[in-house]
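> Sharing a model that was predicted from the sequence below.
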Amino acid sequence: MSSIFFIVVANGIVYGLLRGLARNLANKNLIENPRGFS
């Protein structure tokens with residue numbers, strides 16, 4: 001039971017990191033190239 005909980009927590013952390021990284025990349029691209037997004 002604890003192993004399943006650990007997997008869920010690990011997946012949540014990885015998902016959060018990936019989402020944060022994607023958002024940072026999008027913000028960086030938006031700042032460098034504002035016309036890239038319509």
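Yep, that arrived.
> Which parts of the chain are helices?
Secondary structure of the chain (DSSP state H): helices at 2-32.
> quick one: low-confidence ranges for it?
Along the chain, the model assigns pLDDT under 70 to residues 33-38.
> Pick out the residue closest to the middle of it.
Of all residues in the chain, the one closest to the mean position by CA atoms, centre = their mean is Arg19, 1.2 Å from it.
> Relative to Phe6, how far out is that one?
For Arg19, the distance to Phe6 equals 20 Å [CB to CB, to the nearest Å]. All C-beta spots, glycine's among them, are computed from the backbone N, C-alpha and C.
> do Leu17 as well
16 Å.
> How about Ala22?
From Ala22 to Phe6 the distance is 24 Å (CB to CB).
> Please apply the same query to Ile31.
Ile31 is 37 Å from Phe6, by CB to CB.
> Can you show me the CA trace of stretch 19-28 as PDB?
Output of stretch 19-28 as PDB, limited to C-alpha atoms (Å, rounded to 0.1, in the frame of the first residue of the first chain):
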ATOM      1  CA  ARG A  19       4.600  21.600 -15.900                       C
ATOM      2  CA  GLY A  20       6.700  24.300 -14.200                       C
ATOM      3  CA  LEU A  21       9.500  23.700 -16.700                       C
ATOM      4  CA  ALA A  22       7.100  24.000 -19.700                       C
ATOM      5  CA  ARG A  23       5.600  27.200 -18.200                       C
ATOM      6  CA  ASN A  24       9.100  28.700 -17.800                       C
ATOM      7  CA  LEU A  25      10.000  27.800 -21.400                       C
ATOM      8  CA  ALA A  26       6.800  29.400 -22.600                       C
ATOM      9  CA  ASN A  27       7.400  32.500 -20.600                       C
ATOM     10  CA  LYS A  28      11.000  32.800 -21.900                       C
END
